[in-house]
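Visitor: pasting a predicted model and its sequence here:
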Amino acid sequence: MAPDAPNLPPRRRLVGQPLLYTMTCFISLGVFLFGYDQGVMSGIITGPYFKSYFNEPTAIQVGSMVAVLEIGAFITALAAGRVGDIIGRKGTLFSGAVVFTIGGAIQTWTNGFWMMIVGRVVSGLGVGLLSCIVPIYQSEISPPNHRGALACIEFTGNIVGYSSSVWVDYFCSFIESNYAWRIPLFMQCVIGFILAIGTLVVPESPRWLVDIGREEEGQRVIADLHGGDPKHPVALAEFQEIKEKVREERESGEERSYWMMWKKYKRRVLLAMSSQAFAQLNGINVISYYAPRVFEEAGWIGRSAILMAGINSVIYVLSTLPPWYLVDRWGRRPILLSGAVIMALALGATGYWMYIDVPITPQAVVVCVIVYNAAFGYSWGPIPWLYPPEIMPLTIRAKGVSLSTATNWLFNWIVGEVTPYLQETIEWRLYPMHGFFCVCSFILVYFLYPETKGVPLEEMDEVFGEDAREEAFENETPMQSEQASLIDSTLPTSTNYQTIPGSSHDQRHSHRRGGFSQWLSDLVNGRRNENSRGDGYAPVASSD
């Protein structure tokens, strides 16, 4: 047990659960910002004053103004891993908020196409830092049994930002001047400034503090998160576990380079990157960036298209609420799998209604888009932001998450850039195309994604079986490395999971409650029936 630290920094007035949820809600402003920035362009690009000011921009110009944000975000998302390790999680949050605010100001007072492009790129630089560091910070302050719920609350902040931008666009569309599009862009500056000021008072990540040797400060933050008592047994145990993990990593002399991360943790890196890639390929930004244009395609004209996008955004926000309850009960896999199925069906139906083009097509498309958005909001929206920081070890967490986040922004840019062109060329076929990617994501998750529900971050190696194969890695030859498969034959058996406190896997012999949700969770997690041969957990991609 860790010894008492008499010289701990002064305790905060807010401690325990109130502190944890206050921090979660506040840092959600970080994801609120890039949710707002992703949605704000969707409404203004259809406005008459915007079109007139930019001389009736072409589809390529519109796509560039919308999607160039992702270029800046991609650059800083790659750099955020190193930045977050050097200046800390708080420092990176502050830097991202300041840069974002500057970009918003440039967009607000733009005098033409190229100045708008510069403003979008600068905002993207801030968004890249925020989108990478917020999930890391959230995962490092959250207890295992609430980590999923808190990450989903954070994602709700992102969608509230998106919804807010759509409604700001709608109400500003009644303004008969260029302020109809300048005011929505100016709101970015206000929100960014609030976040920058707030980052000065939130506590630093305790895991980062311990990792750089500031153990007393780290212990105080952990104590505050557990009620403010430094002698609280759970706080002491958590601090000791983090400290021990850091000590082991230092004594191992493990390199913290991108090369070592790729060589030793390739499977984790690929899973993290694929989750973010499919979050975009599944088609969300066809709707987020171009919802009014989608509704115009379906027959809604002008301000009515923005109104439909606003109604859709409200339902989108509501759809992010069920995961608060479900993610730490069902697990990550059931949510991703069910979401992929519903999205594929909704996108296929959207294309069908546009193809047949009957009088009820406008209403039918609105329903399909709402169903799609709701399915994404409860599944592929929050989970890909939760999963990468969960599965990455502390030594390379910032770098691993930065790589997965950069993947998100790369595919984000691709989708945003080509969507206006594809809407004009392949038309209704665009939506079944993204439905096909939803099917691919279902297959990927079903066969390759392990469940992480309830597993402490320091014990995630057990899930991937890396404790058992450490010696094999050290002795691995180049030929063996080339032949290594993404589906590892040394995935953990049921014995491994017994050592994970609070994990769903150590409760497989306990009494199971009935009901559809339990059946669904057992089915997609590969658990055996109580009466089937053997009593172990069936690893992902294995069969009975």
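Guide: Now that the structure is in, tell me what you want to look at. Numbers count the residues shown, from 1 in each chain.
Visitor: sketch out the low-pLDDT regions of this protein for me.
Guide: Across the chain, the ranges flagged by pLDDT under 70 are 1-13, 253-255, 288-291, 293, 297-298, 466-544.
Visitor: okay, strands next: where are they in it?
Guide: Taking DSSP state E as the criterion, the chain carries no strands.
Visitor: can you pull up the most central residue in it?
Guide: Centroid-nearest residue in the chain, with CA atoms, centre = their mean: residue 385, separated by 2.0 Å.
Visitor: OK, contacts around it?
Guide: If a contact means CB atoms under 8 Å, 6 or more residues apart in numbering, then residue 385 has 31, 135, 151, 154-155 as its contacts. (Glycine included, C-beta is placed from N, CA and C.)
Visitor: make it 7 Å
Guide: If you count contacts by CB atoms under 7 Å, 6 or more residues apart in numbering, residue 385 has them with 135, 151, 155.
Visitor: same check on residue 384?
Guide: 275-276, 279.
Visitor: can you redo these as a markdown table with distance to residue 39 and neighbour count?
Guide: Below are these laid out as a markdown table (distance: CB to CB, whole Å; neighbours: other CB atoms under 10 Å):
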| residue | distance to residue 39 | neighbour count |
| --- | --- | --- |
| 275 | 22 | 26 |
| 276 | 19 | 27 |
| 279 | 16 | 26 |
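Visitor: now residue 286: closest residue in space that isn't a chain neighbour?
Guide: residue 419 (5.3 Å; CB to CB, 6 or more residues apart in numbering).
Visitor: cool, and residue 28?
Guide: Distances taken as CB to CB, 6+ apart put residue 157 closest to residue 28, at 2.8 Å, once the chain neighbours are dropped.
Visitor: cool, residue 325 as well?
Guide: Leaving aside its sequence neighbours, residue 325 sits nearest to residue 149 (CB to CB, 6+ apart; 7.3 Å).
Visitor: all helices of the stretch 301-450 of the chain, in order?
Guide: Defined through DSSP state H, counting those that start in this stretch, the helices belonging to the stretch 301-450 of the chain, from first to last, are 303-319, 322-326, 332-356, 361-378, 383-391, 397-425, 430-448.
Visitor: looking at the ones you listed, which is nearest to residue 292?
Guide: helix 303-319 (4.1 Å; CB to CB).
Visitor: what packs against the closest one?
Guide: helix 16-44, helix 147-172, helix 291-298, helix 361-378 (3 or more CB pairs under 7 Å, 6 or more residues apart in numbering; DSSP states H and E).
Visitor: CA atoms of that helix as CSV?
Guide: Taking only C-alpha atoms (Å, rounded to 0.1, in the frame of the first residue of the first chain), the coordinates of helix 303-319 have been written out as CSV:
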residue,chain,number,x,y,z
ARG,A,303,-35.0,27.2,-45.3
SER,A,304,-37.2,24.1,-45.0
ALA,A,305,-34.2,21.9,-45.7
ILE,A,306,-32.3,23.6,-42.8
LEU,A,307,-35.3,23.1,-40.6
MET,A,308,-35.4,19.4,-41.4
ALA,A,309,-31.7,19.2,-40.6
GLY,A,310,-32.4,20.9,-37.3
ILE,A,311,-35.1,18.5,-36.3
ASN,A,312,-32.9,15.6,-37.3
SER,A,313,-30.1,17.0,-35.1
VAL,A,314,-32.4,17.1,-32.0
ILE,A,315,-33.1,13.4,-32.5
TYR,A,316,-29.4,12.8,-33.1
VAL,A,317,-28.7,14.3,-29.6
LEU,A,318,-31.3,12.2,-28.0
SER,A,319,-29.9,9.1,-29.6
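Visitor: separation between the spatially closest residue to residue 371 that is not a sequence neighbour and residue 54?
Guide: Sequence neighbours aside, residue 346 is the residue nearest to residue 371 in space, at 4.5 Å (criterion: CB to CB, 6+ apart). According to CB to CB, to the nearest Å, residue 346 stands 33 Å off from residue 54.
Visitor: so which of the two has more stuff around it?
Guide: Counted by other CB atoms under 10 Å, residue 346 and residue 54 do not tie: residue 346 has more neighbours, with 23 against 18.
Visitor: please list all residues in contact with the more buried one.
Guide: Contact partners of residue 346, counting by CB under 7 Å, 6+ apart, are 368, 371-372, 375.
Visitor: what about 6 Å?
Guide: 368, 371-372 (CB atoms under 6 Å, 6 or more residues apart in numbering).
Visitor: and these as JSON lines, adding neighbour count and distance to residue 114?
Guide: Rendered in JSON lines, the data for the contacts of residue 346 read as follows (neighbours: other CB atoms under 10 Å; distance: CB to CB, whole Å):
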{"residue": "368", "neighbour count": "22", "distance to residue 114": "37"}
{"residue": "371", "neighbour count": "19", "distance to residue 114": "39"}
{"residue": "372", "neighbour count": "31", "distance to residue 114": "35"}
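Visitor: and which of these is nearest residue 406?
Guide: Ranking these by separation from residue 406, with CB to CB as the measure, puts residue 372 on top at 25.8 Å.
Visitor: for that closest one, give its distance to residue 170.
Guide: From residue 372 across to residue 170, the span is 21 Å (CB to CB).
Visitor: over to residue 314?
Guide: Distance of residue 314 to residue 170, computed by CB to CB: 11 Å.
Visitor: compare those two (neighbour count), which wins?
Guide: Looking at residue 314 and residue 170 with other CB under 10 Å, you find the greater number of neighbours at residue 170, namely 21 against 14.
Visitor: verify the stated contact: the more buried one with residue 311.
Guide: No - the pair residue 170 and residue 311 does not pass the contact test of CB atoms under 6 Å, sitting 9.8 Å apart.
Visitor: so what's residue 302 closest to, chain neighbours aside?
Guide: Nearest non-adjacent residue to residue 302, counting by CB to CB, 6+ apart: residue 46, 7.4 Å away.
Visitor: give me phi/psi at that neighbour?
Guide: phi -100, psi 0 (degrees, to the nearest 10).
Visitor: dump the residue contacts of residue 67.
Guide: Counting by CB under 6 Å, 6+ apart, residue 67 touches 413, 416-417.
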